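In: Sharing a model that was predicted from the sequence below.
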Amino acid sequence: MTAINHREKTPLIRISKRENMSIAGMLAVRIGAFVLAIVLGGLIFACLGTNPIEAYMQMINGSLGKASGIRQVVKIAVPLLTVALALAPCFKMKYWNIGAEGQITIGAICCSYFALYWYDKLPSFVLLIVMAIAAILGGGIWALIPALFKSRYNTNETLFTLMMNYIAIGIAAWLCGGPWEGKPGSQIIPMFNEKAVLPKIGGVHIGWIFALIFVVVMFIYMNYTKQGYEIAVLGESENTARYAGMNVSRIVLRTVFISGALSGFAGYMVASGTDMTLFSNVANNVGFTAITVCWLSQLNPFVMVIISALIAILSRGSSVLQTQLSIPSTISSIITGIILLCLLGCEFFINYEVSFRKKGEN
C-alpha cells in the first residue's frame, strides 16, 4: 500500500502571539486607534448633516471650556475611577467580578438609611463617617455572597455577580416606591438633609480627593505588599498558589470583600455627594463602564485616572451635543461607543500579530 503524504495547507491569515512590542510601537497603535475612532465618528456626524469639526469642538468646549463643565466631568470620573480601582485586584486574580453595579447600589442603600433616619441623631461629621462605614460594609458583604459560593461550590462568579446586580437594583426600586418613598405615588425618596451631604472642595464633593488617594493606595497594595503578591500568584496559577502554601479561599474572600467595599464607597459618594438622595439607577452603568476602564488601563491605577477622565469628557460632551446641536442622545452614545471600541480593539494588535500567506506558499 502506498503511503500518502498529506500536507496541511498554509492558512491565508495567521494570528500569532507577539513576544514584545516597544513602547513607541504600542503608543503608535493606540494613537492610530484613537484617530480612526475620530474619523469614523466624523463620518456619522457628516451623514447627519453636522459639521464634524464643529461637533467635536462642542464636545470639548462643553466638557472643558467652562468651570461648570469641568466640575461635571470630575463628578462623572470620580465614581468611575473608584470602581475601576475596586475591580482591578479581582481581575488580576482572575476572579471576574461583574457585580460592581449591584455593589454600588447596595452601598448607596446602606448609607441612605442613616442619611434619612439618623440625620437628627448625630453630628454631621459623625453621620458622614457612619454612612461611609455602612456603605463599605454593605458593598463588601454583598460582594462576598458570590465569592463564598465560588470558594465552596466552585460556581461561576461571572453569572452569579451579574445576576446580583439586578437583585440590588430591584431592592432600590422597591425602597423608592415603598418604605422610603416621600410623597405617596411619587416613587421618589426625599432629598438628604444637608448634614448627610458630602462637603465640597473646588466646587465638587470631597470624593475626588478620596479617589486620588485610592489610586496611590491601590498601586502600592497591588505591587508592593504581600497580599498584592498573593493576588498576582493566584492569577497566574491556582495550583502554584496552593503549592506555595497559600490559603486560596482566604485570598479570594479577602480580595473580593475589598473590591465590594470600594464599590460600596463609590455608591456612598454618588448618593451623598452627587445625587443627595437614592435612585434605583444610582449606579448608572458605572459598574459596567469601569470594566472597560480596567482593560484599557491594563490594571494600572495611574492610567485609570486618564481613561476615567477621557470617558467622563466623552459622556459630558455627548450631553452637550444633544442640547447644542440637537443631535439625538442615541447618536452621542454611538460616537462614545465607537471611540471605546477602537481603543479596546487596538489591544488585540498590541498583543497579537496578523500575517498573511505569502505568494508561493502552499
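Out: Looks like it arrived, so ask away. Residues are numbered from 1 along each chain as shown.
In: How about the longest helix seen in the chain, which residues are buried there?
Out: In the chain, with assignment by DSSP state H, the single longest helix is helix 124-153. Using 16 or more other C-beta atoms under 10 Å as the test for burial, helix 124-153 gives 127-128, 130-147, 150-151. C-betas here are computed from N, CA, C, even on glycine.
In: just the strands in the stretch 101-250 of the chain please.
Out: All strands of the stretch 101-250 of the chain, identified by DSSP state E, counting those that start in this stretch, fall at 200-201, 204-205.
In: and the first one, which strands flank it?
Out: Strand partners for strand 200-201, identified by DSSP bridges, are recorded as strand 204-205 (antiparallel).
In: Tell me which residues are up against the partner strand.
Out: For strand 204-205, contacts defined as C-beta atoms under 8 Å, 6 or more residues apart in numbering pick out 71, 74, 75, 78, 197, 198, 199, 269, 272, 273, 274.
In: now, which of these lie within helices?
Out: Cross-referencing the contacts of strand 204-205 against helices under DSSP H gives 71, 74, 75, 78, 269.
In: ok, which stretches of the stretch 251-362 of the chain are strands?
Out: 352-356.
In: where are the low-confidence patches of it?
Out: Low-confidence regions of the stretch 251-362 of the chain, defined by pLDDT under 70, span residues 357, 359-362.
In: list the contacts for residue 197?
Out: 205, 272, 273, 276.
In: How much space separates it from residue 270?
Out: Separation of residue 197 from residue 270 (C-beta to C-beta, to the nearest Å) stands at 12 Å.
In: nearest spatial neighbour of the one residue sitting closest to the centre of the chain, skipping sequence neighbours?
Out: Central residue of the chain (C-alpha atoms, centre = their mean): residue 290, 0.9 Å from the mean position. Spatial nearest neighbour of residue 290, chain neighbours left out: residue 83 (3.9 Å); criterion: C-beta to C-beta, 6 or more residues apart in numbering.
In: Can you get me the start-to-end distance on stretch 314-333?
Out: Start and end residues of stretch 314-333 are separated by 9 Å (C-alpha to C-alpha, to the nearest Å).
In: who's in contact with that stretch?
Out: Stretch 314-333 has contacts (C-beta under 8 Å, 6+ apart) with 44-45, 48, 50, 54-55, 58-63, 69, 72-73, 76, 335-336, 339-340.
In: go on, stretch 175-188?
Out: 109, 112, 116, 189, 190, 277, 278, 279, 280.
In: from the chain's centre, how far out does it sit?
Out: With C-alpha atoms, centre = their mean, to the nearest Å as the basis, stretch 175-188 stands 29 Å off its chain's centre.
In: tell me which residues in that stretch are buried?
Out: Under 16+ other C-beta under 10 Å, the buried positions of stretch 175-188 are 175, 176, 177, 180, 181.
In: okay if I get those residues as TSV plus pLDDT and distance to residue 308?
Out: Shown next, in TSV, are those (pLDDT from 0 to 100; distance: C-beta to C-beta, whole Å):
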residue	pLDDT	distance to residue 308
175	95	29
176	92	28
177	89	32
180	93	31
181	90	34
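In: neighbours around residue 240, how many?
Out: A count of nearby residues for residue 240, using other C-beta atoms under 10 Å, gives 11.
In: got the contact list for it?
Out: Residue 240 is in contact with residue 233, counting by C-beta under 8 Å, 6+ apart.
In: now the helices for the stretch 201-350 of the chain?
Out: 207-224, 226-236, 238-243, 248-269, 286-297, 301-324, 329-351 (DSSP state H, counting those that start in this stretch).
In: Now distance to residue 24 too, for the ones you listed, in JSON lines please.
Out: As requested, the helices of the stretch 201-350 of the chain are exported to JSON lines (distance: least, C-beta to C-beta, whole Å):
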{"stretch": "helix 207-224", "distance to residue 24": "24"}
{"stretch": "helix 226-236", "distance to residue 24": "27"}
{"stretch": "helix 238-243", "distance to residue 24": "34"}
{"stretch": "helix 248-269", "distance to residue 24": "34"}
{"stretch": "helix 286-297", "distance to residue 24": "19"}
{"stretch": "helix 301-324", "distance to residue 24": "17"}
{"stretch": "helix 329-351", "distance to residue 24": "12"}
